[in-house]
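**Q** Structural data only, the sequence is not supplied:
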């Protein structure tokens, strides 16, 4: 049966279900009479879904928002399929990020912002976008999405950086002297193809030079009480030159406030104090090294 015939059948069943519900029939009785699953009938009558909304076609229009979503999908997003249903999922630690992704997808699709729920057992925030044609569009891969990325390259890089990137601030010693250094990690990934493509976009579209930094292999992970060691290698894609770091902040930046605030603060320290001891002292006066990143101290002018 073709998609158009399936849709016509569902629309007829929907009309019949509404009519039977008005006559006081239960969901189970309506399901038996129409031949549609209970969950489908419940979705129509209780949750106000419509049988034709699943078949709404997404017609892509190039925009910074669409390019941003492509970047996020390539970074932290995933698409799942169950039968004929497709769902775009984002599960992250940062609620601000999940809210941003939800509202951006809603803006693209002309919907109300999608719900963001807290998954307690993983301490993550998750949002799901169920739109078949939108998911199929994103599943085209880098080659199929290239023209949308190149028309709005900043959005793509920003989405990827919000997912997997961060400002990288180094306070260490070089030849026995304090050294302050600011970089931008655009993405961290095991996918050389994704990082190579992003490096090309940075160079050809934005005039920014980025390099690979080998990070080693992923940490062992535990699944069902078993320890798994990955054979893949992890790489950073980094922007290191001071002028390029400033340009990144100006023309791309991070949409996540905590990341952009840290990058701007580090650039300001470098511009005012250079890269020596004074810069290290100024930075550590306001920021403290946490388990995985620099954290702004409280009650510091």
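**A** Good, I have the coordinates. For clarity, every value in this text was computed on a predicted model and none was experimentally measured. Numbers count the residues shown, from 1 in each chain.

**Q** Could you use CA atoms for every contact and neighbour count after this?
**A** Will do.

**Q** Is residue 119 in contact with residue 93, as I believe?
**A** No - Residue 119 is beyond contact range of residue 93, at 9.8 Å (criterion: Cα atoms under 8 Å).

**Q** anything in contact with each of the two?
**A** Taking Cα atoms under 8 Å, 6 or more residues apart in numbering as the criterion, residue 119 and residue 93 both touch residue 125.

**Q** got the buried residues for the lengthiest helix in the chain?
**A** Secondary structure of the chain per DSSP state H: the longest helix is helix 3-22. Neighbour-count burial for helix 3-22 flags 7, 10, 13-14, 17, 20 (criterion: 16 or more other Cα atoms under 10 Å).

**Q** Using the three-state scheme, assign the most centrally placed residue in the chain.
**A** Centroid-nearest residue in the chain: residue 72, 2.9 Å away (criterion: Cα atoms, centre = their mean). Assigned by DSSP: H, G, I helix; E, B strand; the rest coil, the conformation of residue 72 is helix.

**Q** dump the residue contacts of the nearest residue to residue 155 once chain neighbours are set aside.
**A** Nearest residue to residue 155, sequence neighbours excluded (Cα to Cα, 6 or more residues apart in numbering): residue 68, at 4.3 Å. By Cα under 8 Å, 6+ apart, the residues touching residue 68 are 154-160.

**Q** how about a cut-off of 10 Å?
**A** 74, 101, 104-105, 149, 152-162, 255 (Cα atoms under 10 Å, 6 or more residues apart in numbering).

**Q** how near is it to residue 289?
**A** Noted for residue 68: a distance of 30 Å to residue 289, by Cα to Cα, to the nearest Å.

**Q** So the residue nearest to the centre of the chain is in contact with residue 161, correct?
**A** Yes - with contact defined as Cα atoms under 10 Å, residue 72 counts as touching residue 161 (8.1 Å).

**Q** Tell me the residues that contact both of these two, please.
**A** Joint contacts of residue 72 and residue 161 (Cα under 10 Å, 6+ apart) are residue 155.

**Q** Could you find the closest non-adjacent residue to residue 166?
**A** Nearest one to residue 166, counting by Cα to Cα, 6+ apart, is residue 185 at 5.2 Å.

**Q** Let me see the ranges of the helices in the stretch 201-301 of the chain.
**A** Along the stretch 201-301 of the chain, the stretches classed as helices by DSSP state H, counting those that start in this stretch are 242-251, 257-273, 277-286.
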